[in-house]
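> dropping the sequence and predicted coords here.
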Amino acid sequence: MNGLFISYSNSDGGAVASALVAGLRSRGFDVWWDGDLLSVRPLAITSWMEEGFRDRTVLVVVSPDYLKALESNDFVERKGIRYEARLLRHKLYHHSEAYRCGVVPVVPPRFDKNLLPAVLQPLVIHTFDPDTGAGIEVLAKALTSAGGVEGGVTMSVEPSTTSPTVREMLRDLEDLDPAEPAAHALASRLVEIGEGDIELARSFDSVVGAAKAHGDVDLVRRTSEMCLRTLSATERLRGEGPLEAKILVEGQAWYLLREHRLVRAAAVAEEGTKIAEKYRDVYTAARGILCHATVFLRMAAEGVAFDRDFYLRKSELLLLQAIDRFSTISGCASEEIGMCASLCAEWWLSRYKQSGDRTDLLVAMQKAKTAEALLPPGGERYSWLMVLRARLCHAARKYNDGKELVTDVIEADAYPEVVARSHQVRAELSLGSRDKASAVRDLLVAEEKFRALGYDYAAATCWWSIARLDPARITDVRLTAADIDELDDLTPDPRARRRAVLEYERASARRFGRRCPPDWRFLVDRVRYA
């Protein structure tokens, strides 16, 4: 007999769902619904939802609020429904036959079925009256006769080998806001004691979410590597194949991008996308494509003219694919489309820097407005969008407007990585308005914050910017304009330039008499291959 999962809106579908659960359980069906959460106590509610949608036949209790969540970008309220609505789109994505899709809409009596969204109309729709119970027999008979419905087989669960301590800590972590310091401390402790624990890998989203909220790239790296080791050494349950793809895309590619290991990040994003597609995890595949597009855009920013054009075209192609997939999965007014619009704005800004065409800048600004309408205010993605808008203001020479945007982000002090980047962008805006002293102050703060987070490349970029403006603030070496130009020509990596300067500073301190002029080529080669 099929396992069932009830998807409904708590605000106006609870009574119907409760009656439906009682009627189905009395007829021997195995039913999951969130009314049992207090007794079941899953480690992660989102993972519990995903498992229910993936491995069970989903009964959708249709109500006005459920339809609103399914059709609109209602990201502030009813987050649970919106998450379930996204999962519902995932389940429907690869199915075209109404009788072989594990989704069954349940509507009240006299409901006009033409009012259903297009994604539900092709399905077999059942009517149920919670007051009289009318329709339950027909529904039960249909579910029993559809024993082979895809997604409706109850999965067997292996005996848990998770220690009680890890299980309790994971449950506590799920209850915390990822941005809270307690969540970061708990995630760090879990990684220390959770080596080889499969439950930690299954709760990857919760652990790595706390690490990302605090910009802890080292914790994301250790979590990702540990979870991948655990998966390779553990026999996986049915439905756990996509977990590796999620770890590659959301974990490994994330930290590689911040470590500026761009070639490796691109390869990992591509590998994660292929694994997700193999297991038909369309959402993770779409995230992988978007991540891949982001990496190529970073490569374009670092490349020379020909390479820059190549990477921009590759990024554009992947970005269009991501938009197409997210539109199908989550809808055209979803937060995911807002993420794509934000990356589109950044893409057009890069195009403007290459072409100098003001039309490209106007398109970038329009894309940023679209993203602002779709991204939830106050979140990390929204904060990143404000930083991007400040960069657009810099390109448009509206320096004061840009400073206001990043100053608001800095004062909010919500996401360490975003705050550090905001100081860096505000320094660029200050230079545009010829305020060198303010620029140096912001760069010093940004360099310190990036260094504390473990973002060596970003910290070295800020350090080198300070060296150009006021080298006496960071080194005893008297860097001339000729020294700066020579180091720029020798290596594009600011980390190598910084290490070369510091190596010369240390060597000079040990010499007696007058300093020898620096041999920058020798020093760069020495630190590069040390």
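Happy to help now that I have it.
> got the contact list for residue 47?
For residue 47, the contacting residues are 202, 203, 205, taking Cβ atoms under 8 Å, 6 or more residues apart in numbering as the criterion. Every C-beta, even on glycine, is put in place using the N, C-alpha and C of the backbone.
> the last one touches residue 48, doesn't it?
This means residue 205. No - in this structure, residue 205 is not within contact of residue 48 by Cβ atoms under 8 Å, at 11.9 Å.
> circling back to that earlier point, of the contacts of residue 47, buried ones?
Neighbour counting with 16 or more other Cβ atoms under 10 Å marks 202, 203, 205 as buried within the contacts of residue 47.
> just to revisit the earlier point, I'd like the contacts of residue 47 as TSV, with secondary structure appended.
Below are the contacts of residue 47 laid out as TSV (DSSP: H, G, I helix; E, B strand; the rest coil):
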residue	secondary structure
202	helix
203	coil
205	helix
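> closest to residue 524 among these?
Taking Cβ to Cβ as the measure, residue 205 is the one of the contacts of residue 47 closest to residue 524, at 41.7 Å.
> now what about the helix or strand of the chain with the lowest mean pLDDT, what contacts it?
Sorting the helices and strands of the chain by mean pLDDT, DSSP states H and E puts helix 79-93 at the bottom, at a mean of 71. Taking contacts as Cβ under 8 Å, 6+ apart, the residues outside helix 79-93 that touch it are 7, 9-10, 34, 45-46, 49-50, 53-54, 58, 60, 65-66, 69-70, 74-75, 101-103, 119, 151, 281-283, 328-331, 334.
> residues contacting the closest residue in space to residue 127 that isn't next to it in sequence?
With sequence-adjacent residues excluded and distances taken as Cβ to Cβ, 6 or more residues apart in numbering, residue 127 is closest to residue 135, at 4.7 Å. Going by Cβ under 8 Å, 6+ apart, residue 135 touches 109, 126, 127, 128, 129.
> residue 323 versus residue 274, what's the distance?
Distance from residue 274 to residue 323, counting by Cβ to Cβ, to the nearest Å: 20 Å.
> higher neighbour count, those two?
Remark: of residue 274 and residue 323, residue 323 carries more neighbours, 22 against 13, as counted by other Cβ atoms under 10 Å.
> re earlier: list only buried entries from the contacts of residue 135.
Neighbour-count burial (16+ other Cβ under 10 Å) applied to the contacts of residue 135 gives 126, 127, 128.
> so the second one makes contact with residue 109?
Meaning residue 127. Yes - judged on Cβ under 8 Å, residue 127 makes contact with residue 109 at a distance of 5.7 Å.
> shared neighbours of these two, anything?
Jointly contacting residue 127 and residue 109 under the rule Cβ under 8 Å, 6+ apart are 134, 135.
> just the helices in the stretch 201-350 of the chain please.
Across the stretch 201-350 of the chain, reading from the start of the chain, the helices by DSSP state H, counting those that start in this stretch fall at 204-213, 217-233, 242-247, 253-258, 262-278, 282-302, 305-330, 335-355.
> residue 403 is nearest to which of these?
With respect to residue 403, and counting by Cβ to Cβ, the nearest of the helices of the stretch 201-350 of the chain is helix 335-355 at 17.8 Å.
> can you point out the buried residues in the closest one?
Buried residues in helix 335-355, counted by 16+ other Cβ under 10 Å: 335-352.
> then stretch 383-402?
Applying a neighbour-count criterion of 16+ other Cβ under 10 Å, the buried positions in stretch 383-402 are 383-396, 398-399, 402.
> what mean pLDDT does that stretch get?
In this model, stretch 383-402 has an average pLDDT of 96.
> list the contacts of it.
By Cβ under 8 Å, 6+ apart, stretch 383-402 touches 342, 345-346, 349, 352-353, 361, 364-365, 368, 371-372, 375, 403, 405-406, 408-409, 412, 414-415, 418, 421-422, 425-426, 428-430, 432-433.
> and for stretch 437-453?
Where contact means Cβ under 8 Å, 6+ apart, the residues beyond stretch 437-453 that reach it are 215-217, 416-417, 419-421, 423-424, 426-428, 430-431, 456, 458-459, 462-463, 465-466, 469-470, 473-474.
> alpha carbons of the least confident helix or strand of the chain, as PDB, please.
Once side chains and other backbone atoms are set aside, the C-alpha atoms of helix 79-93 remain, and they are given as PDB (Å, rounded to 0.1, in the frame of the first residue of the first chain):
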ATOM      1  CA  LYS A  79       7.200  30.000   4.100                       C
ATOM      2  CA  GLY A  80       6.300  26.400   4.800                       C
ATOM      3  CA  ILE A  81       3.600  26.400   2.100                       C
ATOM      4  CA  ARG A  82       5.900  28.100  -0.400                       C
ATOM      5  CA  TYR A  83       8.600  25.500   0.200                       C
ATOM      6  CA  GLU A  84       6.100  22.700  -0.300                       C
ATOM      7  CA  ALA A  85       4.800  24.500  -3.400                       C
ATOM      8  CA  ARG A  86       8.400  24.400  -4.800                       C
ATOM      9  CA  LEU A  87       8.700  20.700  -4.000                       C
ATOM     10  CA  LEU A  88       5.400  20.100  -5.700                       C
ATOM     11  CA  ARG A  89       6.700  21.700  -8.900                       C
ATOM     12  CA  HIS A  90       9.800  19.500  -8.700                       C
ATOM     13  CA  LYS A  91       7.600  16.400  -8.500                       C
ATOM     14  CA  LEU A  92       5.500  17.500 -11.400                       C
ATOM     15  CA  TYR A  93       8.400  18.600 -13.600                       C
END
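> any idea which helix or strand comes after that helix?
strand 103-107 (DSSP states H and E).
> need the contact list for residue 108.
The contact partners of residue 108, taken as Cβ under 8 Å, 6+ apart, are 16, 62, 127, 128, 129.
> just for this protein, where's the confidence low?
For the chain, residues meeting the criterion pLDDT under 70 lie at 1-2, 72-80, 90, 93-101, 114, 145-164, 234-239, 512-515, 530.
> repeat that for 50
Counting by pLDDT under 50, the chain contains low-confidence residues at 1, 74-78, 96-99, 147-162.
> give me the domain ranges for it.
Structurally, the chain divides into domains by automatic domain parsing as follows: 3-145, 475-528.
> deepest of those domains, which one?
Relative to the other members of the domains of the chain, domain 3-145 carries the highest mean neighbour count by mean count of other Cβ atoms under 10 Å, namely a mean of 17.
> quick one: it to chain centroid distance?
Its chain's C-alpha centre lies 27 Å from the corresponding centre of domain 3-145 when counted by Cα atoms, centre = their mean, to the nearest Å.
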